[in-house]
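Fold the stuff below for me.
(chains A and B)
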Number of protein chains: 2
Amino acid sequence: MSEAEAFTYRPIGIIHSPHTDPEATPVQGAFARGVRGVVEVFPPYAAGLKDLEGFSHVYLLYHFHLSCGFSLLVKPFLDVVERGLFSTRAPRRPNAIGLSIVALKGIEGRTLHVEDVDILDGTPLLDIKPYVKRFDEVRNPRCGWHEGIDEETAARCGGRK
Amino acid sequence: MSEAEAFTYRPIGIIHSPHTDPEATPVQGAFARGVRGVVEVFPPYAAGLKDLEGFSHVYLLYHFHLSCGFSLLVKPFLDVVERGLFSTRAPRRPNAIGLSIVALKGIEGRTLHVEDVDILDGTPLLDIKPYVKRFDEVRNPRCGWHEGIDEETAARCGGRK
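Numbers count the residues shown, from 1 in each chain, chains lettered A, B, ... in the order given. Reported below is the predicted structural model:
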């Protein structure tokens, strides 16, 4: 493995949401409670959705398609000072992969109805993974600079990037 | 956006762990409690690690470098029947991206010391994101076919894929 190695991924679907303005899209699903979206999985991958509807929450991995370039220091919309990129969820990353947890409300054919969507309309989907409590539950996390942000500020800033 | 569109990602680092045998690697960090690993971030990206040490847990996104091809139905190692791929965390996926939550024990320069590592030694790192309670906490999840797997079985099978 070398730094020059490259991996090529292709979209397996597309995410539809009410968020069409990058400047007004909530930064994470927790600030988009109740916002509904639709995930369309392309036909070649539809058979892989079997058994998924038993899960109340799923991870969506996607490509930040409007992101261009990256900075290693960024000023998060929730904060007033520059932070290291990897301590943030900012979209401009060396590999522009986004990660959101959404509530899965139902599946019809190859269409997933999801809630708590903070993702821009038209975003290319890379993967779906189930949220599994025994793998993913974190007890008593320490959350770095986020701990200095009160809930009121978070809620106020949540709708603006 | 079309199905033919492709995204190219390059490793930003490499993950070192005691797991050298794909057949014996725990399937997720929850079955690898206490297993230590080291994440080496390549020099061009080191500045992005600022502020990360305030977080007790991080997501690692990585490329399943030994995975080849995919099946839309897979028999999870924890189960005896075939499940839809997207209801599993199996490595053979259309886009072979892995996702693990690990405990961050410390950072020295561009080296992260992590725990609860279920990742193969030599795995190319794609991204690091902080675990943020206000974004990522899921209360009372329903976990589909996983709910039929008792903890004893999970613990027994945890070390084998």
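
Give me the three-state assignment for the nearest residue to A:Ile119 once chain neighbours are set aside.
Using C-beta to C-beta, 6 or more residues apart in numbering or on different chains and skipping residues adjacent in sequence, the residue nearest A:Ile119 is A:Ile15, 5.0 Å away. From N, CA and C alone the C-beta is placed, and that goes for glycine too. Secondary structure for A:Ile15, judged by DSSP: H, G, I helix; E, B strand; the rest coil, is strand.

which SSE is the residue nearest in space to the middle of chain A in?
Relative to the mean C-alpha position of chain A, the nearest C-alpha, by C-alpha atoms, centre = their mean, is the one of A:Ser100, at 2.7 Å. Assigned by DSSP states H and E, A:Ser100 falls within strand A:97-108.

Can you show me the CA trace of the very next helix or strand once past that strand as CSV?
Secondary structure here is assigned by DSSP H and E; on that basis, the next helix or strand after strand A:97-108 toward the C-terminus is strand A:111-115. Output in CSV follows, covering the C-alpha atoms of strand A:111-115 (Å, rounded to 0.1, in the frame of the first residue of the first chain):
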residue,chain,number,x,y,z
THR,A,111,-36.8,3.1,-2.2
LEU,A,112,-36.0,3.8,1.4
HIS,A,113,-38.0,6.3,3.3
VAL,A,114,-35.8,7.9,5.9
GLU,A,115,-36.0,10.6,8.5
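
Give the buried residues for strand A:111-115.
Taking 16 or more other C-beta atoms under 10 Å in any protein chain shown as the basis for neighbour counts, the residues of strand A:111-115 that come out buried are A:Thr111, A:Leu112, A:Val114, A:Glu115.

Output those residues in a markdown table; the columns should cover distance to chain B and pLDDT.
Converted to a markdown table, those look like this (distance: C-beta to the nearest C-beta, whole Å; pLDDT from 0 to 100):
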| residue | distance to chain B | pLDDT |
| --- | --- | --- |
| A:Thr111 | 13 | 98 |
| A:Leu112 | 9 | 98 |
| A:Val114 | 13 | 98 |
| A:Glu115 | 13 | 96 |
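
and which of the residues you listed is nearest B:Asn95?
Ranking the buried residues of strand A:111-115 by separation from B:Asn95, with C-beta to C-beta as the measure, puts A:Leu112 on top at 16.8 Å.

And the helices in chain A?
Listed in chain order, the helices found in chain A under DSSP state H are A:133-136, A:151-157.

May I ask which helix or strand of chain A has the lowest mean pLDDT?
Among the helices and strands of chain A, helix A:151-157 carries the lowest confidence by mean pLDDT, DSSP states H and E, at a mean of 67.

nearest spatial neighbour of A:Phe35, skipping sequence neighbours?
One thing to correct before we go on: residue A:35 is Val, not Phe. In this structure, A:Val35 finds its nearest non-sequential neighbour in A:Val117, 4.9 Å apart by C-beta to C-beta, 6+ apart.

Many thanks, have a good one.
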